[in-house]
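>>> okay, sequence plus prediction incoming.
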Amino acid sequence: MITYDWNCKTVDVYPVNGDNSDVVYNVHWIAKGTTEQEGVTYSSTSIGTQVLDISDITNFIPFEDLTNDEVVGWTKIAIGEEQVSSIEESIAHQIQAKITPTSITLTIEN
């Protein structure tokens, strides 16, 4: 089983937007999948950015009160369920390729 961890702690903000300050509008995300098999840990990572729709902020959360979980939720909604699944499937395929590679590189000693 692969465990996915989304890091959305790095963000771009508008210093002032309407009545609010430090408004997050762009998220730099890192999605990491990790699994362990026979005592060996395998992982793979995907990175990207996602612009958020801030045209109608109803429940503004001050920047100092934001958590990674909150921003992950916003980011996944903005990316869309289908694309989030695609990102995680790609990570799973990369991990599987590490577990059972179809090609490896060897060095000739002599």
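Perfect, thanks for sending it.
>>> which residues in the protein form helices?
Remark: helices assigned in the chain by DSSP state H are 68-79, 81-99.
>>> what's the most buried one of these?
Looking across these with neighbours counted as mean count of other Cβ atoms under 10 Å, the highest average goes to helix 68-79: a mean of 16. From N, CA and C alone the C-beta is placed, and that goes for glycine too.
>>> who does the longest strand seen in the chain touch, helix- and strand-wise?
In the chain, with assignment by DSSP state E, the single longest strand is strand 20-37. Under the contact criterion of 3 or more Cβ pairs under 8 Å, 6 or more residues apart in numbering; DSSP states H and E, strand 20-37 touches strand 3-17, strand 40-51, helix 68-79, helix 81-99.
>>> let's have those in TSV, adding mean pLDDT and distance to residue 58.
Listed next are those as TSV, based on pLDDT from 0 to 100; distance: least, Cβ to Cβ, whole Å:
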stretch	mean pLDDT	distance to residue 58
strand 3-17	98	14
strand 40-51	98	19
helix 68-79	98	13
helix 81-99	97	22
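>>> out of the ones you listed, which comes closest to residue 33?
helix 81-99 (3.8 Å; Cβ to Cβ).
>>> show me what that closest one is packed up against.
strand 20-37, strand 40-51.
>>> what comes into contact with that helix?
Residues from elsewhere that reach helix 81-99 (Cβ atoms under 8 Å, 6 or more residues apart in numbering): 2, 4, 31-33, 35, 37, 42-46, 48, 76, 79.
>>> and the contacts of stretch 13-26?
11-12, 49-52, 54, 57, 60, 62-63, 66, 71, 74.
>>> quick one, which of these are buried?
Neighbour-count burial (16 or more other Cβ atoms under 10 Å) applied to those gives 11, 50, 52, 54, 66, 71, 74.
>>> picking up where we left off before, let's have the helices of the chain in a markdown table, adding distance to residue 109.
Listed next are these as a markdown table, based on distance: least, Cβ to Cβ, whole Å:
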| stretch | distance to residue 109 |
| --- | --- |
| helix 68-79 | 47 |
| helix 81-99 | 24 |
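>>> these: which one's closest to residue 110?
helix 81-99 (28.8 Å).
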